[in-house]
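Enquirer: Give me a model of this one.
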Amino acid sequence: MGIKFGPAGNSKSFFEKGYKHAMDVPQYLTEMGLDAFEYQCGRGVNIGDDKAKQFGIEAKKRNITLSLHAPYYISMSSVDEQKRLNSINYILSSARAANAMGADRIIVHTGSCGKISREEALLLAKDTMKLSLEALDSEGFSHIHICPETMGKVNQLGTLDEVLSLCELDERLIPCIDFGHLNARDLGFFKTLADYESVFKAIGDRLGEARLKSFHSHFSKIEYTAGGEKKHLTFADTVYGPDYEPVIELAYKYCQSTRFICESDGTQAEDAVSMKEYYEKIK
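Expert: Residues are numbered from 1 along each chain as shown. Next up, the predicted model:
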């Protein structure tokens with residue numbers, strides 16, 4: 001497939017260019033020179049099967065590879081059993097929409113630690129993840145990959161180690177490595193090339209070469225405080241990191257079909273173009 005680049009949702013320029021409807025997204029991305037898109041269902045899965053199918057047709061015409069972000073309120077680690085069961089249903093509804101549009105990956109926030117230990121939260125999340133996989137299998141969605149995401153706030157479940165632990169449950173689980181989140185939760189972790197490379201090596205060591213070559217990624221610069229993530233920024237920011245160039249250089253070294261989804265604040269398509277142009281330059 002090759003490494004692909006695209007935005008999470010629409011940049012401000014999508015509307016400034018006169019586009020108004022979701023069906024216009026593939027054309028817009030083609031004009032921008034991008035080849036991936038992450039459909040946003042963070043506030044709920046509100047797209048019906050017919051529209052999802054039509055969106056997928058338009059994307060396929062233009063060779064746009066699709067993924068889908070599941071609702072933010074999923075809590076796989078909640079001590080409330082009903083919330084965990086609800087989360088399985090949210091994941092299942094996300095998979096239905098993803099399947100209809102031809103997306104093969106759904107990105108999931110696993111929840112927070114709350115008043116329990118990180119170890120207890122991770123155990124609950126693992127149990128919910130197993131049940132989620134069983135739910136996908138029962139509906140014929142075994143081809144849909146769940147991608148647990150590394151998170152940016154200190155109290156959230158989603159360190160690199162925790163995400164890799166979740167992905168060790170099943171080979172179908174693909175990590176969503178958000179470099180901005182990792183940088184924010186550790187208050188500026190990425191300083192040297194070795195810091196960036198440690199993430200790639202950890203994926204390969206824990207999950208094997210196949211998932212190292214094809215992991216999912218979110219990228220943006222993020223402002224942070226003592227609690228971690230505060231605000232997504234744009235590539236124009238010169239105060240906070242991380243830098244995308246080392247990540248792209250390492251992706252060229254280690255990866256074959258990673259998807260880089262840019263989550264910059266309002267310039268996600270433009271900044272995705274910057275990432276893709278840099279990749280093309282060093283190929």
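Enquirer: Test my guess that Gln156 contacts Gly114.
Expert: No. If you go by CB atoms under 8 Å, Gln156 and Gly114 don't touch, sitting 10.2 Å apart. Heads up, the C-betas are built off the backbone N, CA and C, glycines and all.
Enquirer: For those two, work out which one has more neighbours and name it.
Expert: Set Gln156 next to Gly114 and count neighbours by other CB atoms under 10 Å: Gln156 wins out with 23 against 15.
Enquirer: State the distance from the more buried one to Thr192.
Expert: 25 Å (CB to CB, to the nearest Å).
Enquirer: Also Asp104?
Expert: Distance of Asp104 to Thr192, computed by CB to CB: 34 Å.
Enquirer: Of the two, which one has the most company?
Expert: Shown here are Asp104 and Thr192; by other CB under 10 Å, Asp104 has more neighbours (16 against 9).
Enquirer: what sits up against the helix or strand in which Ser198 is found?
Expert: Here Ser198 is covered by helix 193-207, with elements defined by DSSP states H and E. The contact list for helix 193-207 (CB atoms under 8 Å, 6 or more residues apart in numbering) reads 160-161, 164, 167-168, 175, 177, 179, 182, 189-190, 211-212, 215, 242, 246-247, 249-250, 253-254.
Enquirer: cutoff 6 Å now
Expert: Residues from elsewhere that reach helix 193-207, judged by CB atoms under 6 Å, 6 or more residues apart in numbering: Leu164, Cys167, Phe190, Leu212, Phe215, Pro246, Val247, Leu250, Tyr254.
Enquirer: Please name the nearest non-neighbouring residue to the second one.
Expert: Closest residue to Cys167 apart from its sequence neighbours, by CB to CB, 6 or more residues apart in numbering: Leu173 at 4.2 Å.
Enquirer: export the contacts of helix 193-207 to JSON lines and tack on distance to His109, secondary structure and pLDDT?
Expert: Below are the contacts of helix 193-207 laid out as JSON lines (distance: CB to CB, whole Å; DSSP: H, G, I helix; E, B strand; the rest coil; pLDDT from 0 to 100):
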{"residue": "Leu164", "distance to His109": "16", "secondary structure": "helix", "pLDDT": "98"}
{"residue": "Cys167", "distance to His109": "15", "secondary structure": "helix", "pLDDT": "98"}
{"residue": "Phe190", "distance to His109": "21", "secondary structure": "coil", "pLDDT": "98"}
{"residue": "Leu212", "distance to His109": "22", "secondary structure": "helix", "pLDDT": "98"}
{"residue": "Phe215", "distance to His109": "17", "secondary structure": "coil", "pLDDT": "98"}
{"residue": "Pro246", "distance to His109": "26", "secondary structure": "helix", "pLDDT": "98"}
{"residue": "Val247", "distance to His109": "21", "secondary structure": "helix", "pLDDT": "98"}
{"residue": "Leu250", "distance to His109": "25", "secondary structure": "helix", "pLDDT": "98"}
{"residue": "Tyr254", "distance to His109": "25", "secondary structure": "helix", "pLDDT": "97"}
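Enquirer: Now for those residues: which two are most distant?
Expert: Cys167 and Pro246 (22.9 Å; CB to CB).
Enquirer: more neighbours, those two?
Expert: Neighbours per residue (other CB under 10 Å) separate Cys167 from Pro246, with Cys167 holding more: 23 against 18.
Enquirer: thinking that one is in contact with Pro175, fair?
Expert: Yes. With contact defined as CB atoms under 6 Å, Cys167 and Pro175 form a contacting pair (5.1 Å).
Enquirer: How about Asn10, nearest residue that isn't a chain neighbour?
Expert: Using CB to CB, 6+ apart, the nearest residue to Asn10 is Val25, at 6.8 Å.
Enquirer: Could you identify the helix or strand that succeeds the strand or helix carrying that neighbour?
Expert: Using DSSP H and E, Val25 maps to helix 25-32. Under the assignment DSSP H and E, the closest C-terminal helix or strand after helix 25-32 is strand 36-40.
Enquirer: Thanks a lot, catch you later.
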